[in-house]
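Visitor: For reference, the sequence and a predicted model appear below.
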Amino acid sequence: MILKSIVLGALGLAVAGSVFVRLAPIDLPLIQSYLYAFGPGNHEWRNGYQVVRELEDPIAAYEALDAIIMATPRTTRAEGVQGAYVTRSVLWGFPDVTTLYAGPDNTIDGGHGPMLRIEGRAVYGVSDMGVNKTRITDWLAQLDGDTPTQ
């Protein structure tokens, strides 16, 4: 009887957690306040990944990436924030936020030409288990005309 109660309680918590993760609002302005524009290159940390490329025409790359991103399963544009997307995991629906920027150099070290920056980060937790890096790498491979890894 006690084991049955424990199992049912754990199942109830799992369902409640899944509902919360799927329905809780995402504070995009707060997430964007964490953005840190590194210089050109690939930059990885525990719950995210950022790629910065110096390009002659970052706007064209932005438009092409937007189409690639929007063709990704479980991905939607974030409401009210230009260049922001939410991709949810298959099973639990954990959200990851991706931001896309194209324009003049806005990096911390400056001195670069026009650039394209794409950054993905987990909304919950301290680790994204590499999914943002994989997703962004695949999107950039598609942009470059290479075969994506997924």
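Guide: That came through, no problem. Residues are numbered from 1 along each chain as shown.

Visitor: Show the residue spans covered by the strands in this protein.
Guide: Along the chain, counting by DSSP state E, strands occupy 41-45, 48-54, 75-77, 84-88, 95-103, 115-122.

Visitor: Nearest to Lys4, out of those?
Guide: For the strands of the chain, proximity to Lys4 was assessed by CB to CB; strand 84-88 is nearest, at 32.0 Å. For every residue, glycine as well, the C-beta is placed using N, CA and C.

Visitor: Point to the helix or strand of the protein where mean pLDDT is at its lowest.
Guide: Least confident helix or strand of the chain, by mean pLDDT, DSSP states H and E, is helix 28-33 with a mean of 63.

Visitor: Quickly compare the strands of the chain and say which is most buried.
Guide: Scoring the strands of the chain by mean neighbour count under mean count of other CB atoms under 10 Å gives strand 115-122 as the most buried, with a mean of 23.

Visitor: Provide the contact partners of it at residue level.
Guide: 31, 34-35, 37, 40, 47-55, 58, 61-62, 65, 87, 94, 96-107, 128, 131-133, 135-136, 139-140 (CB atoms under 8 Å, 6 or more residues apart in numbering).

Visitor: ok, now stretch 50-63?
Guide: Residues contacting stretch 50-63 (CB under 8 Å, 6+ apart): 36-44, 83, 100-103, 105, 107, 112-120, 136, 140, 143.

Visitor: all helices of the protein, in order?
Guide: Using DSSP state H, the helices of the chain run over residues 2-23, 28-33, 58-70, 131-143.

Visitor: and among the ones you listed, the most buried is which?
Guide: Across the helices of the chain, averaging neighbours per residue (mean count of other CB under 10 Å) puts helix 131-143 on top, at a mean of 19.

Visitor: just checking, what packs against that one?
Guide: When contacts are defined as 3 or more CB pairs under 8 Å, 6 or more residues apart in numbering; DSSP states H and E, helix 131-143 packs onto strand 48-54, helix 58-70, strand 95-103, strand 115-122.
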